[in-house]
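# no sequence for this one, just the structure:
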């Protein structure tokens, strides 16, 4: 069992930045691919970015590429999502997840955190 805990969310003005963190309870985090997803009110959950154990990464082209950066520190059992140039449409609950491979599909991930709220004011 892996417990994931997100942090770093909050209220930020449009154009600002936030860095989300996802800490894992087990040292075996390094064997998992880690993904970030988000869910805005009234919308379905959507893929944001993912990274595997060898630091290959993938981003959703529309929402994240060019503005967000995913990274991981296996020694700290932590994955990060650096979000720059935030827009009001980035407002959502952000979730991290762990799974066997990089995927944009949430069904590929086994473990999920509880989420952290990001609110971007215009």
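Yep, that arrived. Computed from a predicted structure; not experimentally measured.
# residue boundaries of the strands in the protein?
Under the criterion DSSP state E, strands of the chain are mapped to 4-7, 10-13, 18-24, 33-39, 46-51, 57-59, 68-73, 78-83, 92-99, 111-112, 116-121.
# so which of the ones you listed comes closest to residue 105?
With Cβ to Cβ as the measure, strand 46-51 is the member of those nearest residue 105 (7.4 Å). Placement of C-beta: from N, CA and C, glycine included.
# give me the angle between that closest one and strand 92-99.
50 degrees (axes from the mean of the first three to the mean of the last three Cα atoms, to 10 degrees).
# considering the strands of the chain, which stretch scores lowest in mean pLDDT?
Out of these, the stretch the model trusts least by mean pLDDT is strand 57-59, with a mean of 90.
# which residue is the nearest non-sequential neighbour of residue 80?
With sequence-adjacent residues excluded and distances taken as Cβ to Cβ, 6 or more residues apart in numbering, residue 80 is closest to residue 71, at 4.9 Å.
# distance to residue 105 and mean neighbour count added to the strands of the chain, as CSV?
Below are the strands of the chain laid out as CSV (distance: least, Cβ to Cβ, whole Å; neighbours: other Cβ atoms under 10 Å):
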stretch, distance to residue 105, mean neighbour count
strand 4-7, 18, 18
strand 10-13, 28, 13
strand 18-24, 18, 20
strand 33-39, 9, 24
strand 46-51, 7, 23
strand 57-59, 12, 18
strand 68-73, 17, 18
strand 78-83, 18, 22
strand 92-99, 9, 23
strand 111-112, 13, 18
strand 116-121, 21, 17
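# show me the beta-bridge partners of the residue positioned nearest the centre of the chain.
The chain has residue 36 as the residue nearest its centroid, 2.5 Å off, counting by Cα atoms, centre = their mean. Beta-bridge pairing of residue 36 under DSSP bridges involves residue 49, residue 96.
# ok so, going back, so the residue nearest to residue 80 makes contact with residue 50?
No: assessed by Cβ atoms under 8 Å, residue 71 is found out of contact with residue 50, at 11.7 Å.
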